[in-house]
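K.L.:
need a structure here:
(chains A, B and C)
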Amino acid sequence: MAEVRLRKVVKRFDDVEAVRGIDLDIADHEFVVLVGPSGCGKSTTLRMVAGLEDISDGEVLIGGDVVNDVPPKDRDIAMVFQNYALYPHMTVFQNMSFGLRLKHYPKAEIKKRVDEAARILDIAELLDRKPKQLSGGQRQRVAMGRAIVRNPKVFLFDEPLSNLDAKLRVAMRTEIKKVHQQVRTTTIYVTHDQVEAMTLADRVVVMNNGRIEQIGTPNQLYHTPETRFVAGFIGSPAMNFIPCQLEERAGALSIRLTDSLAFPVPEAKASRYRGRAANGSMLLGLRPEHITEAHGHLEPGAVPFEARLEVTEPMGMETLVYFGVNGAQVCGRVNPNSGAREGAALRLAANLNNMHLIDEATGRVI
Amino acid sequence: MADTAIAAPAQRVRRRKYGSMSRDRTWALRWSYFFLTLFVIFFLLPPVYMLITSLKTSAEISTAANPWWVFNPTLENYRELVTSPQYLGYFRNSVLVSVIVVAVTMLISVPAAFALSRMKFWGSATLATGVFLTYLVPDTLLFIPLFKMFATFADWTGIQLINRWYVLLIVYPTLTVPFCTWIMIGYFASIPKELDEAALIDGAGWLQTLTKVFIPVALPGLIAATIFAFTVSWAQFLYPLAFTTSTEQLVLPVGIITSLIKGDVFNWGQIMTGALLGAAPPLIIYAFLMDYYIAGLTAGATKG
Amino acid sequence: MVDATLSQVEVARPAGKRSSLRRTIERKSTIAFFMALPLIVLITLLVVYPALYSMHLATLNKSMERFVGFGNFLFLFKRETFWKVVQQSCIFAITAVVFKAIIGFVVAHFVHNIPAKGQRKWRGMLLVPWVIPPAMSCLAWLWLFDPSYSAFNWVLGHLGIGPIPWTGDAHWARFSVILVNIWIGAPFFMIMYLAALKSVPDQLYEAAAIDGANWWQRTCYITLPMMRNIIAITALFSLIVTFANFDIVQILTAGGPIDMTHVFATWSFRLGIQGNDIPLGAAVSLFMVPILAVAAIFILRDITRRGSEV
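P.N.:
Residues are numbered from 1 along each chain as shown, chains lettered A, B, ... in the order given. You can find the predicted model right below:
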């Protein structure tokens, strides 16, 4: 086991920079998830760690050694692919032991390791089957088993759950987490699914356009995003962004959304934004769960307002309501008993204690 | 009363409509079987007639009796051919040529296909297209220059290739290798890239990836290519006709035609027996490996 | 040679200028080149060189000592037989391909019509003509066409139709070689079309049926357009093979009677190998090149297109 370190790693494909200088330190035993939209460079980064892609610039270190020049087989890593990449002509046992057999491990040792991995993954009774005879979830387990038996320094997962149906994906997510808690191997996990990232990771690395947007624990990313991209990427339904102006009148800050609608900035946030007023156009970022129906008694920081609902989506435990403010579609989450109806007006409350203010020009959260 | 009177015909109409639809289908099916039977008769007529004739004596063949029936079945023709050293020589030459050509073809085309589909090098894309175009060059275009080339080669080195059965080992691969390479490229290209990456991480070198992963995974394609190479070598007629003349150097197709047809005396019973036995190896392979045979046949039209 | 390249790479390692990963990739393409080398040698030496050599040969005189330029070609143009061969080659190839395509299409439809579990058996029987080596099956046809013992004529005689000179009369001989060619080649079309028919998704037919299309409309607007590429590729393949065909004509008629059934392949064999005039034979065979080249270009285009579709 080992820590992994990326120093200014760059990947160029014929003059196109897919990865534009990534710095990342991953501690021993840590579970790090690289997340971002497709084409953001997350898979390329992973493949550079694996040695499947040449590193154009910068350094990758595994366990303190620069591995730029080390071929994949000598990097002591194991990888789980999106389509599992199981050898179709080999049994589960042969699949899992292929790497060890190539390295001429003694038979008894191979058997011991495979049995141990099979026990962890609960696939002991499948060892004689061929991949074709397995379900999607079982193939996924075998692919993980193939990684585990090699007892590598680092596990690399490349969108391992994307080929599974929604229900199985949730189950396998838990499974992966359990396995990591047992084997404690340093893990880098790539996904485009932010829920997977949030639920699995010790730390999440959000990537966009070949760069790291933010690194942090799931909670940090959720509650204190640093950029508009992270704010919008993490969380479902996504954070609302409403064009606005920050106004300061007689020492009191307020967010002006439209001519007729402005929210006073609560005391808790005011110090942060002071001096930024009239500083160009801004975006008010507010998560749907912070727009709820207004009770008689308002929480601190909550501001009531009236909205005409355009669409309502009952989800059972809550109802999502959509309405327009200043040209942006805004989503709120209200109680199913609040009487929200399409086309009708509803009195809502926005909790500005949880607001984010984004400078539209730089895309950074203020 | 009135209600039932109206309802009844309506019901009958509906029922008849359903009935006519399934009846249409039944008739379509019957016609299909009828025409398929006609076509099968047409397609199987010559081989069946070969079998009929092969069971007859020369005397029976030359009578005016019904040629479609065997009145005195005999295995005499088979016995004679199987004990004829000449025919056995043709058969041995054919087997030798076909088996060696298959082996050579596989040794050339499998590594080449692997290189062309997975390990890009300068000009590899052009070469893949070239392989396909080569496959389209017919034997009838090449036999004359090849004949002259072998003659010149003999003048230069003193090594005589014309009228030696092993000259076929040199020319048959021009027919088998391009196609086999082409379909193996197709089969290899259909193997997901992650599979060789997994092998790479597992520590397999290129040779191990080829032998332990690619060849087993593409085994159906390999079988199809082998069948193709064998049947082409077995059936080739022009090259042996042009390049070999002595009886002991001939392969089956040419051997039967040049030696069993002696002047105007056609011993049809023996010719048919010889042809049927000569057709047997491909037919047997086809009977047992039909799916691979057909896969190989259709694979040529899909891009590798 | 391989060793030398490999050791060169080994030597380069201590220098360590470039990343070894990149070096592995470079070495990889060197290995790849050597893996493809036998193929390259084979194609160059035994296909490309002979093809070019053939063009050279065609410009020599009979004893191959003197350059005669286009002399052989001009000589051919003056001979009536040559124009007969051109005509017969075209008739032979086009008629045969058209009928093979039609019969293949019809039979494929019938096979596709019947329940799936019986299809294998029928398909198996229908492909037999393609599996038998042509030289062998042509012998059977030759025997069926025999002037005195023809089994066909025996049947026709019982129906009151006079004996047909299958290979004796020029026109009947032309008919016979085409018939045999269709017999051998139609199963190939059938298999290709059947594979194409099976690749048309059922939902398309269901959607068309709901839109009210009848059988004929479904064939015209769904089946044929979906199969167009396969039909074209198969027909072009077959055109090449048929145009360059040798076995059938050689065995059935050997070009006769009075050179009426000669095609380019058999005539160049007669002149070049049997007549010992290699340059003239080469010249005749070269006349196949333009048509083969055009067909090959179209195949390549269709296959590339098909590849990008799938």
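K.L.:
Any regions of the stretch 151-300 of chain B where pLDDT drops low?
P.N.:
B:261-265, B:300 (pLDDT under 70).
K.L.:
one more time with 80
P.N.:
Judged against pLDDT under 80, the low-scoring parts of the stretch 151-300 of chain B cover residues B:259-266, B:297-300.
K.L.:
Ok, chain A next?
P.N.:
A:1, A:249-251, A:274-280, A:295-301.
K.L.:
State the distance from the residue nearest to the spatial centre of chain B to residue A:301.
P.N.:
Nearest to the mean C-alpha position of chain B, counting by Cα atoms, centre = their mean, stands residue B:231 at 3.9 Å. According to Cβ to Cβ, to the nearest Å, residue B:231 and residue A:301 sit 82 Å apart. For every residue, glycine as well, the C-beta is placed using N, CA and C.
K.L.:
Show me where chain A has its helices.
P.N.:
A:42-50, A:92-102, A:107-121, A:136-149, A:166-183, A:194-200, A:218-223, A:228-233, A:267-273 (DSSP state H).
K.L.:
Any idea which of these gets closest to residue B:58?
P.N.:
helix A:92-102 (60.7 Å; Cβ to Cβ).
K.L.:
gap between that closest one and the chain center?
P.N.:
A distance of 32 Å separates the centroid of the chain from that of helix A:92-102, by Cα atoms, centre = their mean, to the nearest Å.
K.L.:
go on, stretch B:67-80?
P.N.:
Using Cα atoms, centre = their mean, the offset of stretch B:67-80 from its chain centre is 28 Å.
K.L.:
Run through who's touching it.
P.N.:
Stretch B:67-80 is contacted from outside by B:49, B:52-57, B:60-61, B:65, B:269-270, B:272-273, B:277, C:149, C:151, C:154-155, using Cβ atoms under 8 Å, 6 or more residues apart in numbering or on different chains.
K.L.:
buried ones in that stretch?
P.N.:
B:67, B:70, B:76-78 (16 or more other Cβ atoms under 10 Å in any protein chain shown).
K.L.:
Next: stretch A:221-231.
P.N.:
In stretch A:221-231, counting by 16+ other Cβ under 10 Å, buried: A:221-222, A:225-231.
K.L.:
near chain C too, which of the residues you listed?
P.N.:
Applying Cβ under 8 Å from any Cβ of the partner chain, the subset of the buried residues of stretch A:221-231 adjacent to chain C is empty.
K.L.:
can I get the residues you listed in CSV with distance to residue C:203?
P.N.:
As requested, the buried residues of stretch A:221-231 are arranged in CSV below (distance: Cβ to Cβ, whole Å):
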residue, distance to residue C:203
A:221, 43
A:222, 43
A:225, 45
A:226, 48
A:227, 45
A:228, 43
A:229, 40
A:230, 42
A:231, 43
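K.L.:
between those, which is nearest chain C?
P.N.:
Closest approach between the buried residues of stretch A:221-231 and chain C, by Cβ to the nearest Cβ: residue A:229, at 31.8 Å.
K.L.:
Would you check how far apart the closest one and residue A:43 are?
P.N.:
Distance from residue A:229 to residue A:43, by Cβ to Cβ: 18 Å.
K.L.:
With residue A:125 instead?
P.N.:
Distance from residue A:125 to residue A:43, counting by Cβ to Cβ: 33 Å.
K.L.:
Look at the two and report which has more neighbours.
P.N.:
residue A:43 (23 against 9; other Cβ atoms under 10 Å in any protein chain shown).
K.L.:
The more buried one touches residue A:160, doesn't it?
P.N.:
No: Residue A:43 is not in contact with residue A:160 according to Cβ atoms under 8 Å; the separation is 11.9 Å.
K.L.:
shaky segments in chain C?
P.N.:
C:1-29, C:62-65, C:148-149, C:153, C:162, C:168, C:213, C:215, C:255-256, C:302-310.
K.L.:
The residue in chain A positioned nearest to chain C: neighbour count?
P.N.:
Among all residues of chain A, residue A:69 sits closest to chain C, at 4.1 Å; criterion: Cβ to the nearest Cβ. Per other Cβ under 10 Å, the neighbour tally for residue A:69 reads 17.
K.L.:
can you check residue A:12 too?
P.N.:
Residue A:12 has 13 nearby residues by other Cβ under 10 Å.
K.L.:
roughly how far apart are it and residue B:73?
P.N.:
Counting by Cβ to Cβ, the separation of residue A:12 from residue B:73 is 79 Å.
K.L.:
Who does the nearest residue to residue A:291 once chain neighbours are set aside form a beta bridge with?
P.N.:
Spatial nearest neighbour of residue A:291, chain neighbours left out: residue A:332 (3.4 Å); criterion: Cβ to Cβ, 6 or more residues apart in numbering or on different chains. Beta-bridge pairing of residue A:332 under DSSP bridges involves residue A:321.
K.L.:
correct me, but residue A:332 touches residue A:320?
P.N.:
Yes: the criterion here is Cβ under 8 Å, and residue A:332 meets it with residue A:320 at 7.3 Å.
K.L.:
wait, residue A:73 sits on residue B:203?
P.N.:
Yes: the pair residue A:73 / residue B:203 is scored as a contact, 3.7 Å apart, by Cβ under 8 Å.
K.L.:
Run through the residues of the stretch 151-300 of chain B sitting next to chain C.
P.N.:
Residues of the stretch 151-300 of chain B found near chain C (Cβ under 8 Å from any Cβ) are B:170-171, B:173-174, B:177-178, B:181, B:206, B:231, B:234-235, B:237-238, B:241-242, B:253-254, B:256-257, B:266, B:268, B:271-272, B:275-276, B:278-279, B:282-283, B:286-287, B:290, B:293-294, B:297-298, B:300.
K.L.:
Do a quick rundown of the helices in the stretch 201-304 of chain B.
P.N.:
B:206-208, B:215-217, B:219-235, B:238-243, B:252-255, B:268-288, B:290-299 (DSSP state H, counting those that start in this stretch).
K.L.:
Please apply the same query to the stretch 201-310 of chain C.
P.N.:
In the stretch 201-310 of chain C, the helices defined using DSSP H, counting those that start in this stretch lie at C:202-210, C:215-218, C:224-243, C:247-252, C:264-269, C:278-286, C:289-309.
K.L.:
what touches both of residue A:332 and residue A:320?
P.N.:
Joint contacts of residue A:332 and residue A:320 (Cβ under 8 Å, 6+ apart) are residue A:288.
K.L.:
between these two, who's got more neighbours?
P.N.:
A direct count of neighbours by other Cβ under 10 Å for residue A:332 and residue A:320 places residue A:332 higher, at 28 against 16.
K.L.:
Name all residues that make contact with the more buried one.
P.N.:
Listed by Cβ under 8 Å, 6+ apart, the contact partners of residue A:332 are A:288, A:291-292, A:307, A:320-323, A:348.
K.L.:
the domain parsing of chain C - what is it?
P.N.:
As recorded under automatic domain parsing, the domains making up chain C are C:2-57, C:76-309.
K.L.:
how about the helices in the stretch 51-200 of chain C?
P.N.:
Counting by DSSP H, counting those that start in this stretch, the stretch 51-200 of chain C has helices at residues C:71-78, C:80-113, C:116-126, C:128-131, C:134-144, C:151-158, C:170-199.
K.L.:
residues in contact with the fifth one?
P.N.:
Judged by Cβ under 8 Å, 6+ apart, the contacts made with helix C:134-144 from elsewhere in the structure are B:45-47, B:49-50, B:53, B:235, B:237, B:253-254, B:256-257, B:268, B:271-272, B:275-276, B:278-279, C:129, C:149-152, C:166-167, C:176, C:180, C:183-184, C:247-248, C:251-252.
K.L.:
and what of the shortest one?
P.N.:
Outside helix C:128-131, the residues within contact range by Cβ under 8 Å, 6+ apart are B:43-44, B:46-47, B:231, B:279, B:282-283, B:286, B:293, B:297, C:137, C:183-188, C:191.
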